[in-house]
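K.L.:
sequence plus predicted model, see below.
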Amino acid sequence: MSMWAPHGFYLGYMGIMLAWGQSGHFDGLNVGPSSLKQNRLLKTVSKKELETALGKWFTNARDKEGKPALRAQRDYDRRAVQPEVLSLLMVSWTQGDTDEVCSDPLHLGLLQGTRVGEPQRADEGDRNEDFQPRIVPYHKDPSKPHKKVLRTRYIHTELGIRERLLVGILTSRATLNTLAVAVNRTVAHRFHRTFFFTGLRSAKLPHGMTVVAHGDDRPVWLMYETIRHLHQHHGNEYEWFYLAQDDTYTQAERIMNLVGHLSSGQDLYMGRAEEFIGGEERARYCHGGYGYLLSRSLLARLQPHLDSCRNDILSVRPDEWLGRCIIDFLGLSCMEKHQEMTYYYFELQKNADPEREDSIQFKNAFSVHPVSEPALMYRLHKRYSQIELEWTYAQIQQLQVQISNLSELTPDGKAGATWPIGVNPPFHPKTRFEVINWEYFTEEHIFSCADSSPKCELRGVDRADVNSILETAVERLNERYQPQLRFRKQRLLNGYRRFDPTRGMEYILDLALQAFTQKGHSQVIAKRVGLLRPLSAIEIIPMPYVTEATRVQVILPVTVRDQDFVGNFLDTYVMNTLDTRDNALLTFLFVYDPFDAQRVSQTDVFASVKSMISEVEKRYSDVKIPWISVKTEVPSQVKLMDIISKKHPVDTLFFLASVWTEVTGDFLNRCRMNAISNWQVFFPVHFQEYSPALVYRDQQPSAASSFSSEALRDGRFDRHAFEEACFYNADYMATRTKMATDIMDNEELLESMDVYEIFVRYSSLHVFRAVEPALIQKYVRRACNPRFSEDIYHRCVLSNLEGLASRSHLAMALFEQEQANST
Ligand SMILES: *[C@@H]1O[C@H](CO)[C@@H](O)[C@H](O)[C@H]1NC(C)=O
Ligand SMILES: *[C@@H]1O[C@H](CO)[C@@H](O)[C@H](O)[C@H]1NC(C)=O
């Protein structure tokens with residue numbers, strides 16, 4: 001789950017600022033004038049009321065310095081206005097009488113999907129009407145009983161907000177798996193929805209594409225069925241319909257942009273206008289190879305005539321047939337220009353190479369035709385993506401110039417625009433607690449380490465980060481000074497970086513550079529450069545809703561070796577969940593080794609634990625703590641979990657605990673919030689206290705630190721521990737099923753993995769791993785079982801070592817010991 005993805009860098013150098021990279025962009029809400037005019041909040045207020053209210057406002061607005069008499073009038077008016085306005089705000093949906101409102105001509109098309117388009121069509125002669133607020137008259141019929149308004153399911157239905165564009169690609173059985181797939185891979189994901197229409201379906205349907213097969217291969221029939229289908233199923237959901245053939249390359253951004261600039265609610269038939277064969281008339285049809293746009297209202301008006309067109313118009317070309325039909329019945333001809341927008345297209349010559357096409361027509365084209373084979377489609381896509389990218393960079397640059405030009409007019413003057421332009425300004429701390437630290441680094445070491453040691457080796461992503469930033473710096477300097485100077489990096493003198501959450505990662509580098517002149521002289525110089533790796537494309541991850549009411553099933557596996565700790569576990573469990581009546585259940589899982597299991601009838605190794613349990617049960621008469629016994633030599637987590645999983649319903653939320661876990665109400669809630677069925681599993685990183693023997697040595701531990709409510713201290717989050725987990729049984733079962741084919745009863749593989757690993761490897765769920773301050777463990781030295789996989793064993797050993805004490809505590813202990821030895 002990455003919260004941000006860096007794209008490119010910014011580099012500033014000695015006051016000269018260069019900027020490049022790609023910034024994120026937002027998609028605006030799709031709310032146009034058509035939705036404004038249908039804002040029906042006003043519907044239960046009468047026109048007269050509104051006019052009165054408005055009139056009062058106007059009297060108020062006029063003549064501010066008016067005479068006392070006027071002012072008195074104004075005050076009176078103001079008093080009069082306020083209740084009116086308030087009542088306007090309080091209009092409730094369920095109060096009004098509704099039949100009249102719903103049958104108001106303006107809204108008919110919305111709620112009753114049948115008469116789409118017609119009622120909303122703007123009057124051509126009176127375009128402005130579209131943007132005027134309208135007052136919906138309110139007639140209350142006293143003879144009718146009061147009725148509740150039926151709300152639509154989604155607010156966008158009521159407001160008349162539609163998606164803008166639906167794309168239909170006309171394909172065929174022969175090309176569905178070649179050209180149509182190429183269309184799908186190049187541009188389909190750019191559109192809200194793309195449908196592929198074909199006559200006959202092929203045996204093998206390409207996956208991930210919505211294919212609609214009409215069952216007849218004749219081209220005109222395909223067109224007829226497609227238009228009918230679009231109107232019938234989507235006529236009310238989209239404003240525009242773009243139809244193209246599968247041998248058309250479509251520049252998706254530009255079509256989207258075109259559609260974004262057209263005002264909806266009008267008949268439109270737009271594309272490359274073509275003359276009819278042998279026809280002398282002026283009417284044109286839109287060539288199917290270059291794609292064309294149809295508006296929703298045109299589809300609606302065309303619908304009743306489609307059958308006549310199919311029966312009466314003879315044509316072999318489907319696009320020509322459609323054009324004829326539109327001209328004959330609606331009197332509309334294909335347009336290349338509409339509302340100052342032009343439909344650009346490009347006709348590709350045979351054997352043309354997209355890389356070499358440089359004409360302005362090519363660069364501006366919305367669509368290209370004919371694309372003879374899939375490879376050509378991909379090459380066109382590459383070329384257009386390049387063009388689009390260059391254009392975007394140029395636009396960014398232009399915007400930056402504009403911003404810096406305008407910044408002179410701001411109160412701060414030129415200094416008001418911070419570098420790099422267009423990126424958030426650096427964060428200014430208000431108090432000393434907010435200061436963001438700079439980390440110092442060289443090419444080999446970093447001087448701020450996770451384990452709080454002063455210096456550690458630069459490794460992994462940090463190393464890659466430093467290398468890439470150095471490369472970029474030198475590269476940019478060379479670009480900047482070519483051809484006079486050429487630079488080669490000698491070494492990094494000093495490096496500083498800090499992460500500014502409003503901006504990105506900032507760097508300051510002192511570089512020792514070898515500079516070469518054109519004549520070949522060279523000299524070593526030191527330069528300081530600043531760079532920024534900006535945040536872009538910040539992703540908001542939608543989360544399903546969870547509640548804190550879920551019951552948590554706590555599972556506690558106990559082995560003979562660990563049973564001494566059970567007493568402590570039970571004490572805290574009783575205090576934090578039973579006494580507080582938290583909605584949790586506890587189940588014990590006793591793990592016997594084969595030897596103990598055999599003689600269980602004589603001596604039960606878990607007898608003492610069982611007596612503790614029955615004591616708790618006696619104390620809380622309504623509490624039952626069941627146990628399950630298993631016999632195994634290697635108590636691998638997965639094996640145990642398999643047994644548990646079978647004994648519980650699928651919707652159980654498990655908290656897999658360890659005997660050292662101290663269950664708290666806070667944590668159980670965290671468990672409920674962070675484990676999301678069919679979405680996320682939660683592996684908390686608990687906090688473990690250091691060994692009191694080392695931390696406090698001879699002194700008494702201060703009383704405070706023995707309470708978990710005290711801030712976390714003298715301990716650390718144990719990143720090596722993966723035993724504790726929260727997840728739903730259904731998720732576990734699904735993951736195990738996916739895993740089943742891989743392991744084929746390979747017992748060893750089962751032993752080598754823990755639950756964490758199988759979720760990571762075999763499920764597509766979010767595996768959420770985070771430090772958990774509500775989960776605290778006392779110091780303990782675990783027995784590491786060498787029968788587990790090397791990985792798990794190694795983690796256990798590391799955890800024990802690192803959990804002993806902090807470096808300073810260890811150092812103090814050593815120091816004291818040495819002193820004791822030397823005296
Ligand atoms: C079609 O596009 C969708 C969405 O981009 C993708 O998931 C699917 O795999 C594509 N299908 C093929 C056959 O390429
Ligand atoms: C910015 O200002 C300069 C000089 O005043 C001017 O030449 C240039 O056209 C302006 N650029 C923009 C994009 O406004």
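P.N.:
Okay, I see it. Ligands and ions are numbered 1, 2, ... in the order given.
K.L.:
contact partners for the residue in the chain positioned nearest to ligand 1?
P.N.:
Closest contact between the chain and ligand 1, by CB to the nearest ligand atom, is at residue 208 (2.6 Å). To be clear about C-beta, it is placed using only N, CA and C from the backbone, and glycine gets the same treatment. Residue 208 sits next to residue 184 when contact means CB atoms under 8 Å, 6 or more residues apart in numbering.
K.L.:
next one: the one 5 residues further on
P.N.:
Residues counted as contacts of residue 213 (CB under 8 Å, 6+ apart) are 197, 198, 199, 200, 201.
K.L.:
so it versus residue 219, what's the distance?
P.N.:
For residue 213, the distance to residue 219 (CB to CB, to the nearest Å) stands at 14 Å.
K.L.:
do the same with residue 406
P.N.:
Residue 406 is 55 Å from residue 219, by CB to CB.
K.L.:
ok, the two, which is more surrounded?
P.N.:
Between residue 406 and residue 219, counting by other CB atoms under 10 Å, residue 219 is the more crowded of the two (18 against 11).
K.L.:
what segments of the stretch 501-650 of the chain are helices?
P.N.:
Applying DSSP state H, counting those that start in this stretch to the stretch 501-650 of the chain gives helices spanning 566-573, 594-598, 607-619, 637-646.
K.L.:
weakest of those by average pLDDT?
P.N.:
Sorting the helices of the stretch 501-650 of the chain by mean pLDDT places helix 594-598 lowest, at a mean of 88.
K.L.:
mind listing what's buried in it?
P.N.:
When neighbours are counted by 16 or more other CB atoms under 10 Å, the buried residues of helix 594-598 are found to be 596, 597.
K.L.:
repeat for stretch 360-380
P.N.:
362-363, 365-369, 371, 374, 376-380.
K.L.:
narrow those to those in strands?
P.N.:
367, 368, 369 (DSSP state E).
K.L.:
from these, which are also near ligand 1?
P.N.:
Residues of those in contact with ligand 1 (CB under 6 Å from any ligand atom): none.
K.L.:
who does the residue of the stretch 651-800 of the chain found nearest ligand 2 bridge with?
P.N.:
Nearest residue of the stretch 651-800 of the chain to ligand 2: residue 766, at 44.8 Å (CB to the nearest ligand atom). As for beta bridges, residue 766 partners with residue 680 under DSSP bridges.
K.L.:
for the stretch 701-823 of the chain, just list every one of the helices.
P.N.:
729-743, 747-752, 755-762, 790-802, 807-822.
K.L.:
just say which of the ones you listed is most tucked in.
P.N.:
Most buried of these, by mean neighbour count (mean count of other CB atoms under 10 Å): helix 755-762, with a mean of 19.
K.L.:
beta partners for residue 285?
P.N.:
Bridge pairing for residue 285 - DSSP bridges - gives residue 274.
K.L.:
check residue 656 too.
P.N.:
Beta-bridge partners, per DSSP bridges, of residue 656: residue 555, residue 725.
K.L.:
and the longest strand along the chain, which strands flank it?
P.N.:
Ranked by residue count and defined by DSSP E, the top strand of the chain is strand 485-500. In its sheet, strand 485-500 lies beside strand 439-441 (antiparallel), strand 504-517 (antiparallel), with partners assigned from DSSP bridges.
K.L.:
make TSV out of the ones you listed and add mean pLDDT, distance to residue 601 and mean neighbour count.
P.N.:
TSV is the format used below for the strands paired with strand 485-500 (pLDDT from 0 to 100; distance: least, CB to CB, whole Å; neighbours: other CB atoms under 10 Å):
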stretch	mean pLDDT	distance to residue 601	mean neighbour count
strand 439-441	95	63	18
strand 504-517	94	65	18
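K.L.:
make JSON lines out of these and add distance to residue 775.
P.N.:
Below are the strands paired with strand 485-500 laid out as JSON lines (distance: least, CB to CB, whole Å):
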{"stretch": "strand 439-441", "distance to residue 775": "29"}
{"stretch": "strand 504-517", "distance to residue 775": "31"}
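K.L.:
what about the ones you listed, which gets the closest to residue 250?
P.N.:
strand 504-517 (34.4 Å; CB to CB).
K.L.:
the closest one: how far from the chain's middle?
P.N.:
Distance of strand 504-517 from the chain centroid (CA atoms, centre = their mean, to the nearest Å) equals 35 Å.
K.L.:
now swap in stretch 271-280 and tell me
P.N.:
46 Å.
K.L.:
contact partners of it?
P.N.:
283-287, 289-293, 319-320, 323-324, 333-336, 343, 345.
K.L.:
same check, this time on stretch 802-811
P.N.:
The contact list for stretch 802-811 (CB under 8 Å, 6+ apart) reads 451-453, 688, 690-691, 694-695, 714, 716, 718, 720, 779-781, 813.
K.L.:
what does stretch 356-371 give?
P.N.:
Outside stretch 356-371, the residues that reach it (CB under 8 Å, 6+ apart) are 179, 182, 244-245, 247-251, 254-255, 258, 287, 289-291, 343-348, 377, 380, 383, 387.
K.L.:
just stretch 781-799 next, same as before
P.N.:
Residues contacting stretch 781-799 (CB under 8 Å, 6+ apart): 561, 633-636, 691, 718, 720-722, 751-754, 800, 803.
K.L.:
which bits of the protein sit near ligand 2?
P.N.:
Close to ligand 2, as judged by CB under 6 Å from any ligand atom, the chain has residues 401, 402, 405.
K.L.:
which strand or helix spans the second one?
P.N.:
In this structure, residue 402 is located in helix 374-407 according to DSSP states H and E.
K.L.:
that helix near ligand 1 anywhere?
P.N.:
No - residues of helix 374-407 are not located near ligand 1 by CB under 6 Å from any ligand atom, the shortest gap being 10.8 Å.
K.L.:
buried stuff in that helix?
P.N.:
In helix 374-407, the ones that count as buried by 16+ other CB under 10 Å are 374, 376-381, 383-384, 387, 396, 400, 404, 407.
K.L.:
okay, those in CSV with pLDDT next?
P.N.:
Output for the buried residues of helix 374-407, formatted as CSV (pLDDT from 0 to 100):
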residue, pLDDT
374, 95
376, 95
377, 95
378, 96
379, 95
380, 96
381, 96
383, 95
384, 95
387, 95
396, 91
400, 90
404, 88
407, 88
